[in-house]
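Asks: Sharing a model that was predicted from the sequence below.
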Amino acid sequence: MPIELYRIDDRLVHGQVVVGWGQPLNVTFVVLVDDALATSDWEQELYRMGAPPEMTVSFESVDSALAHLAEYQSRPGHGILLAGDVETMRRLVDRTGTIRQVNLGGIHHRSGRTARLRYIFLTPEEETSLRELAAGGVTITAQDVPATPPVPLEQVLARTGD
């Protein structure tokens, strides 16, 4: 399965993803799943500029990602699928039944969110969604870069911003 990482990161494509994850995983393609971004050519161009030229960046809505997921999973090379929020990833996981691991990357502060790690802030609804995914057999860990150890979901939810 060439999608090496299913990640939630509200910044989508940025240096930590491209260099921090892309180089160690030898990533050749990134799939960004975001319903609004999938229809915005100018925003897509901005995200493409954040990736090196040898890395293909594709933009999908949840529905189109579901329609093309088998193609991405059988594509040559290694890839990362990125969703900008918990709900988008949850919709993908619930509808595919094949995503078994999710990485929590940067989910940053905004109103109504509580700090869980220095790079993870969650609303009560997001916490519930993540718990439900985990109860359904999905392994969820937080890990900002590959060099740091993954933090299991229950430990993430027990923490307060460290």
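Replies: Looks like it arrived, so ask away. Residues are numbered from 1 along each chain as shown.
Asks: What residues sit buried inside stretch 27-41?
Replies: Residues of stretch 27-41 classed as buried under the neighbour-count rule (16 or more other C-beta atoms under 10 Å) are V27, T28, F29, V30, V31, L32, V33, D34, L37, A38. Placement of C-beta: from N, CA and C, glycine included.
Asks: Residues touching it, excluding its own?
Replies: Stretch 27-41 has contacts (C-beta atoms under 8 Å, 6 or more residues apart in numbering) with 3-4, 12-13, 17, 21-22, 43-44, 47, 51, 54-62, 64-65, 72, 75-84, 88-89, 92.
Asks: Let's see that with 6 Å instead.
Replies: Residues outside stretch 27-41 that contact it (C-beta atoms under 6 Å, 6 or more residues apart in numbering): 12, 43, 56-61, 65, 72, 77-84, 88.
Asks: Then stretch 130-146?
Replies: Stretch 130-146 is contacted by residues 20, 24, 93, 100-104, 117, 119-120, 150-153, 156 when judged by C-beta under 6 Å, 6+ apart.
Asks: that older thread, from the buried residues of stretch 27-41, which ones fall inside strands?
Replies: Those of the buried residues of stretch 27-41 mapping onto strands are V27, T28, F29, V30, V31, L32, V33, per DSSP state E.
Asks: so of the contacts of stretch 130-146, which ones are in strands?
Replies: If you go by DSSP E, these have Q101, V102, N103, L104, L117, I120, V151, P152 in strands.
Asks: how about the nearest residue to the last one, chain neighbours excluded?
Replies: Right, P152. Leaving aside its chain neighbours, P152 sits nearest to T141 (5.7 Å; criterion: C-beta to C-beta, 6 or more residues apart in numbering).
Asks: And the one you found, how close does it get to A147?
Replies: 14 Å (C-beta to C-beta, to the nearest Å).
Asks: Of the two, which one has the most company?
Replies: Neighbour count, other C-beta atoms under 10 Å: between T141 and A147, T141 has more, with 15 against 8.
Asks: Show me which positions of the helix or strand hosting the more buried one end up buried.
Replies: Take DSSP states H and E as the rule and T141 turns out to sit in strand 139-142. Across strand 139-142, burial judged by 16+ other C-beta under 10 Å covers I140, A142.
Asks: Partner strands of that strand and their direction?
Replies: Here strand 139-142 is paired, per DSSP bridges, with strand 101-104 (parallel), strand 151-152 (antiparallel).
Asks: show me what contacts the residue nearest to I99 when sequence neighbours are not counted?
Replies: Closest residue in space to I99, ignoring its immediate chain neighbours: V93 at 4.7 Å, by C-beta to C-beta, 6+ apart. V93 sits next to I99, L133, V138 when contact means C-beta under 6 Å, 6+ apart.
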